[in-house]
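Novice: A predicted structure for the sequence below; I have some questions about it.
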Amino acid sequence: MMTAVPPLIAVVGPVEPALLTAWVGHYRALGVDRFLLVFHFTEHACPERRHAVQAACRELGVVPEAVSTGPWHEHTNVRLRDLLRAKAGQGWHLLADSDEFHAFPAPLPELIAEAESASGTVGGVMLDRVAADGSLPGWSPQDGGLDRAYPQGGFFTHHLLRGDPRKIVLAHSTVPVASGNHRAEGHRPVNRPPVVVHHFKWRTRVRENAEQRAAHSADGTWQDASPARLTEARRFLAHLDQHGGRINVQDERYGFRPVSTRAVPDWWAQEATEIVTTWRPPAYTAGPNEPASMISSPSPLGGSNLA
């Protein structure tokens, strides 16, 4: 008997309504018909943005399970996501942040059938999507699709931020998943090649978000279990300062090339497999109030700032 397409589980921040619409459309095209979402807004979230994204959700016919407010602590996403997983019940869960568009090499039921007898997980790797010139533009559907606005794909998170580029994209309900959906202890995915996780984080408000993350992580307003989020935010901001407010798409280390959500690149299998095989967490030197543990968590813009 063919496995049904699982429900999609996500904690969503004040993203652009157009992005949420594109995201829901992407997963509906993959066969998803059940969306379990929670909105989480910090005290700094613009009220207009909050209302706009919730209105867009209603127009899409998706009813959020809850609306949460408060600081974006390290543990916030885990708590909310796991409440959604419990509500989803037994079986498989599809996990995707609201800026992540998965491209699967086979139909979801086929991937799940293969994973049933393996690790209980299916893994992916983030492919960071950026504008052709490395700027951080906004996006409107009237200007064309996301592929047109952010045509370049590379491994920016991996090589510059030194964040964990791995993602758990499917997990059985019996498998606990770490913060940020980056790993599942004792359930390492064995699927090869990894699923392509198109990561549309690098948009117009990402600098504002990184500055907010750095400030609140540094002063303890947002509680972190490791120095990773603060360190990565500072790396990103320093990179922008060094390159005129842009991501340096010419730097060969990041491997930016033209890509599309509609096709898996020819080079993907080799390069992505090498990343998941060799990736190790960077060593952080803990500050006076910073434990040296490694835990990840998504950001208010739907993406992940972590390690």
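Specialist: Thanks, I have it. This structure is a prediction, so every number in the text was calculated from the model and none was measured.

Novice: only C-alpha atoms from now on, for both contacts and neighbour counts.
Specialist: OK.

Novice: once you drop chain neighbours, what's closest to His187?
Specialist: Closest residue to His187 apart from its sequence neighbours, by Cα to Cα, 6 or more residues apart in numbering: Ser119 at 4.9 Å.

Novice: Gly134 too?
Specialist: Ile247 (4.5 Å).

Novice: again with Val12
Specialist: Phe39 (4.8 Å).

Novice: give me the beta-bridge partners of the one you found?
Specialist: Phe39 has the following beta-bridge partners by DSSP bridges: Val12, Val67.

Novice: so what's it up against?
Specialist: Residues near Phe39 by Cα atoms under 8 Å, 6 or more residues apart in numbering: Val11, Val12, Gly13, Pro14, Pro64, Ala66, Val67, Ser68.

Novice: from Gly120, how far off is the first one?
Specialist: Val11 sits 22 Å away from Gly120 when distances are taken as Cα to Cα, to the nearest Å.

Novice: okay, the two: which has more neighbours?
Specialist: Of the pair Val11 and Gly120, Val11 is the one with more neighbours under other Cα atoms under 10 Å, namely 28 against 23.

Novice: Arg79 is in contact with that one, correct?
Specialist: No: using Cα atoms under 8 Å as the test, Val11 is too far from Arg79 to be in contact (9.9 Å).

Novice: so the residue nearest to Gly134 is in which element?
Specialist: Using DSSP states H and E, Ile247 sits within no helix or strand.

Novice: tally of neighbours for it?
Specialist: 22.

Novice: residue contacts, it?
Specialist: Residues near Ile247 by Cα under 8 Å, 6+ apart: Asp133, Gly134, Ser135, Leu136, His239, Leu240.

Novice: report the two of the residues you listed separated the most.
Specialist: Asp133 and His239 (14.7 Å; Cα to Cα).

Novice: who's more crowded, those two?
Specialist: Using other Cα under 10 Å, the more surrounded residue of Asp133 and His239 is His239, with 17 against 14.

Novice: quickly find the element holding the more buried one.
Specialist: Residue-wise, His239 maps onto helix 228-242 under DSSP H and E.

Novice: counting by contacts, list what that helix packs against.
Specialist: helix 206-219 (3 or more Cα pairs under 8 Å, 6 or more residues apart in numbering; DSSP states H and E).

Novice: can you name the element that comes right after the lowest-mean-pLDDT helix or strand in the chain?
Specialist: One helix or strand of the chain scores below all others by mean pLDDT, DSSP states H and E: helix 108-116, with a mean of 92. Using DSSP H and E, the helix or strand that directly follows helix 108-116 along the chain is strand 121-130.

Novice: name every strand pairing with that next one and say which way it goes.
Specialist: Partners of strand 121-130 in its sheet, by DSSP bridges: strand 152-154 (antiparallel), strand 166-172 (antiparallel), strand 195-199 (parallel).

Novice: what's the distance between Arg166 and Leu240?
Specialist: On the measure of Cα to Cα, Arg166 and Leu240 end up 24 Å apart.

Novice: for the helix or strand where Ala272 lies, buried residues please.
Specialist: Ala272 is part of helix 268-278, with elements assigned from DSSP H and E. Within helix 268-278, the residues scored as buried using 16 or more other Cα atoms under 10 Å are Trp268, Ala272, Thr273, Ile275, Val276.

Novice: distance of the first one from Ala132?
Specialist: Trp268 sits 20 Å away from Ala132 when distances are taken as Cα to Cα.

Novice: and the third one, by the same measure?
Specialist: Remark: distance between Thr273 and Ala132 (Cα to Cα) = 25 Å.

Novice: same check, this time on the last one
Specialist: Spatial separation of Val276 from Ala132 under the definition Cα to Cα is 26 Å.

Novice: circling back to that earlier point, can you redo the strands paired with strand 121-130 as CSV with mean neighbour count and distance to Ser98?
Specialist: Putting these into CSV (neighbours: other Cα atoms under 10 Å; distance: least, Cα to Cα, whole Å) gives the following:
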stretch, mean neighbour count, distance to Ser98
strand 152-154, 24, 18
strand 166-172, 25, 13
strand 195-199, 26, 9
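
Novice: out of the ones you listed, which comes closest to Arg188?
Specialist: With Cα to Cα as the yardstick, what comes closest out of the strands paired with strand 121-130 is strand 166-172 (9.0 Å).

Novice: where are the low-confidence patches of the stretch 51-200 of the chain?
Specialist: Filtered on pLDDT under 70, the stretch 51-200 of the chain yields no residues whatsoever.

Novice: quick one, helices of it?
Specialist: Using DSSP state H, counting those that start in this stretch, the helices found in the stretch 51-200 of the chain span residues 76-88, 108-116, 146-149, 156.
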